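Got a sequence here, can you model it:
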Amino acid sequence: MKHARNLFALAVAGLIATSGMAMTKEEHKAAGDRISADYKAAKAKCDGMTGNAKDVCQKEAKGNEKIAKAELQAQYKPSDKNTYKVAEARADAAYDVAKEKCDDLQGDAKNVCQKDAKAAHVKAKEDAKVARTQAKPADSMAEKNANVAEAKKDAAEEKREADYKAAKERCDTMSGDAKDKCVADAKRMYNQ
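Got it, this is the predicted structure:
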């Protein structure tokens, strides 16, 4: 839950950061070149690593590059669509890194880790969709409120489903009555 709030806070910070002044074509190109150079430097640091640590490092480098490119595009051509793409890039990057970290685990622990990573990803993307809906103009306040309410409802359903799948995966690590009770509790908790 805390992780999802952190991702949402990052998404909101990205929304604020990308809502500033647009940049010139030359500034855009220079910033793009800096992003490429930063990515190459970050990736080069990974080359000295081995195993999954190297894989995680590479995912982090690639994720940071994608986020920086999305932020650059949002600053260059400010729009709600590009602002949303920043939040989406942040969610995708966090998910890719989290999934890669799961590869250090095995069996049930790995499966649980992957489901938890997916749940955090779904939450971050749904929060970004709600933020985008809140930022969109509407013809009337009633229409805007209805759109936001619908987006929040959809987001809550998607988050609940992802949380249920993660909880069910944790139950699968158990057996017998403990597993049955765990599944029943998860179904009750997530309205399944």
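
Now do the same for residue 22: its pLDDT.
The model reports residue 22 with a pLDDT of 68.

and what of residue 192?
At residue 192, pLDDT is 84.

Can you give me the distance of it to residue 114?
From residue 192 across to residue 114, the span is 20 Å (CB to CB, to the nearest Å). The C-beta positions use only the backbone N, C-alpha and C, and glycine is treated the same way.

and if you look at residue 155?
22 Å.

repeat for residue 130
The gap separating residue 130 from residue 114 is 25 Å, by CB to CB.

now residue 44
Taken as CB to CB, the span from residue 44 to residue 114 is 29 Å.

mind listing what residue 154 touches?
126, 129 (CB atoms under 8 Å, 6 or more residues apart in numbering).

picking up where we left off before, more neighbours: which of residue 192 and residue 114?
Comparing residue 192 with residue 114 by other CB atoms under 10 Å, the one with more neighbours is residue 114, at 18 against 13.

How about the residue nearest to the spatial centre of the chain: what's its closest non-neighbour residue?
Nearest to the mean C-alpha position of the chain, counting by CA atoms, centre = their mean, stands residue 91 at 1.7 Å. Closest residue in space to residue 91, ignoring its immediate chain neighbours: residue 124 at 3.6 Å, by CB to CB, 6 or more residues apart in numbering.
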